[in-house]
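Visitor: quick check, what structure comes out for this input:
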Amino acid sequence: MTVIHGRWTLDDRLELMLREVPFEVPAGTAAVTVRLRYDRSQGVLDLGCASPDGFRGWSGGARDEYTVSAAWATPGYLPGEPEPGTWQVWLRLHRVPPQGLDYTLEIVAERSVPERLETAEPPSGERPPRRDLPGVDGLRWLAGDFHAHTVHSDGSHTIAELAELAKGRGLDFLAVTDHNTVSHHPFLDAIGRERGIALLPGQEVTTDRGHANVFGEVGWVDFRRPADEWMAHADREGGLISINHPLAADCAWLQPSRERPRVVEVWHSSWWDRRWGAPIAWAQSWRDDVVAIGGSDFHRPGADALPGSPTTWVLAEGPETVVEGVRAGRTAVSAGRDGALLLRLGDELLAVDADGLVLVRPGGERQVMRGDRVIVPANAGPYRLETWDNEVIALCA
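Guide: Numbers count the residues shown, from 1 in each chain. Below is the predicted model of the structure:
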């Protein structure tokens, strides 16, 4: 066992937030285990790992220990033969008090693979009936959520548990967007097929100055690099990037960037009072052709909104083309899967279950909806439904 003692100061954090602590892995090692010890009542240290071949995992502040082996790895980390050479423990100095923060690292290079505890997965349940919504040119409206977490970062659910929860709430797709890792990606397709819901590969690129989701099998996005490089990575690999919860508390979007991605998580579960118009105002000032999506940011029951709160609707051929539907701007967002809904049907809008609500047009003009299914003409630009006291009920890109 290698034991490393150290102390981080506030000056250290301000000089360089992410630190690398090197250690050696000898040839013949079957598994590498790292344990971090510090006083969590005093601060927060985020944890990750790199091998000589590059990124091997990230768990942020969710874990203080991880194991990497050829056969399996702690969720958030990539399994694979531990190659000999110099590895790095990544420590991000997320919160360091003025008096400093002592830490200890215990690193074990093991000759045999530790036993892995298996988790019992939930039985497969039924999906509620889908809503009766009109298609457009062979495309159909699919209900989903673009932001959720599992045990591969700081969520409490396994991928299968999350899939069952989302399916039981009537969703057709769910983007699994664990923080700064892609360790969940290899499991999504098989579990999604087994559970009857499309699980979209995503990763939440997470920093102290803002978060962004990258959707698609694009490889790991290096959160240590400037935000413009995340965007270039997503574009180069055929993925799609969205700015997450740009006004949310301590993780609002403060990243400097030359580019302004078109897709924005305008409706996040932290928008608890939707009479507060700041997310709409922010999106309008960001760029004039924003594609609005929504995300529950589900982590665990009782702590966050459940999957589908809000629900993002995408007009697509099927779940496998949802990301392309977003890229094309064919989205709508509602408070939930079964509530009032505003959908674009070519040059018309369909308001569903919106009797008595107010349609707000791009220029600010307002019109009361009369009836449960109302079709009105529409021009380019974002529309929304509100209550009489300006609570946002539904958005349409």
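
Visitor: Gly202 bridge partners, please.
Guide: Thr177, Phe215 (DSSP bridges).

Visitor: that one: neighbour count?
Guide: When neighbours are counted by other Cβ atoms under 10 Å, Gly202 registers 29. Placement of C-beta: from N, CA and C, glycine included.

Visitor: now Arg373
Guide: When neighbours are counted by other Cβ under 10 Å, Arg373 registers 15.

Visitor: my read: it touches Ala351, true?
Guide: Yes. Using Cβ atoms under 8 Å, Arg373 is in contact with Ala351, at 7.4 Å.

Visitor: so what sits against both of those two?
Guide: Shared contacts of Arg373 and Ala351 (Cβ atoms under 8 Å, 6 or more residues apart in numbering): none.

Visitor: what about Arg300, how many residues nearby?
Guide: Arg300: 11 neighbours (other Cβ under 10 Å).

Visitor: shouldn't Leu78 be in contact with Asp53?
Guide: No. Contact criterion Cβ under 8 Å: Leu78 and Asp53 do not qualify, at 10.0 Å.

Visitor: so which of those two has more stuff around it?
Guide: Ranked by neighbour count (other Cβ under 10 Å), Leu78 and Asp53 place Leu78 first, with 20 against 12.

Visitor: show the contacting residues for that one.
Guide: 55-57, 68, 182-183 are the contacts of Leu78 under Cβ under 8 Å, 6+ apart.

Visitor: need the helices for the chain, in chain order.
Guide: For the chain, helices defined by DSSP state H occupy the ranges 10-15, 159-168, 185-195, 227-236, 278-286, 322-327.

Visitor: now Gly135: how far from Leu350?
Guide: As for Gly135, its distance to Leu350 is 11 Å (criterion: Cβ to Cβ, to the nearest Å).

Visitor: the more surrounded of those two?
Guide: It is Leu350, of Gly135 and Leu350, that has more neighbours when counted by other Cβ under 10 Å, with 21 against 11.

Visitor: isn't the more buried one right up against Ala340?
Guide: No. Assessed by Cβ under 8 Å, Leu350 is found out of contact with Ala340, at 11.3 Å.

Visitor: which two of the contacts of Leu78 have the greatest separation?
Guide: With Cβ to Cβ as the measure, no two of the contacts of Leu78 lie farther apart than Val68 and Val182, at 14.5 Å.

Visitor: among the helices of the chain, which is nearest Leu47?
Guide: Closest approach to Leu47 among the helices of the chain (Cβ to Cβ): helix 10-15, 15.5 Å.

Visitor: for that closest one, buried residues please.
Guide: 10, 12-13 (16 or more other Cβ atoms under 10 Å).

Visitor: same question, stretch 328-345
Guide: Across stretch 328-345, burial judged by 16+ other Cβ under 10 Å covers 329-337, 339-345.

Visitor: ok, now stretch 62-70?
Guide: Result for stretch 62-70 [16+ other Cβ under 10 Å]: buried residues 62-63, 66-69.

Visitor: which of those residues sits closest to Glu204?
Guide: Set against Glu204, the nearest of the buried residues of stretch 62-70 by Cβ to Cβ is Ala62 (12.6 Å).

Visitor: for the contacts of Leu78, give me TSV that also has pLDDT and distance to Pro26.
Guide: Converted to TSV, the contacts of Leu78 look like this (pLDDT from 0 to 100; distance: Cβ to Cβ, whole Å):
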residue	pLDDT	distance to Pro26
Phe55	98	21
Arg56	98	17
Gly57	98	20
Val68	97	15
Val182	98	28
Ser183	98	25
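
Visitor: shaky segments in the stretch 1-150 of the chain?
Guide: Low-confidence segments of the stretch 1-150 of the chain (pLDDT under 70): none present.

Visitor: now do the contacts for Glu204.
Guide: Taking Cβ under 8 Å, 6+ apart, we find Glu204 in contact with 147, 149, 153, 177-180, 211-213, 244.

Visitor: please redo it, this time with the cut-off set to 7 Å
Guide: Contacts of Glu204 were listed using Cβ atoms under 7 Å, 6 or more residues apart in numbering, and they are 177-179, 211, 213, 244.

Visitor: number of nearby residues for the residue nearest to it when sequence neighbours are not counted?
Guide: Leaving aside its chain neighbours, Glu204 sits nearest to Thr177 (4.4 Å; criterion: Cβ to Cβ, 6 or more residues apart in numbering). As a burial measure, Thr177 scores 30 neighbours (other Cβ under 10 Å).

Visitor: from memory Thr177 sits against Val205, does it?
Guide: No. With contact defined as Cβ atoms under 7 Å, Thr177 does not reach Val205; the gap is 9.3 Å.

Visitor: in strands only, show me the contacts of Leu78.
Guide: Among the contacts of Leu78, the members falling in strands (DSSP state E) are 55-57, 68.

Visitor: now, among the residues you listed, which is nearest to Arg40?
Guide: In terms of Cβ to Cβ, no member of the ones in strands among the contacts of Leu78 lies closer to Arg40 than Gly57, at 20.4 Å.
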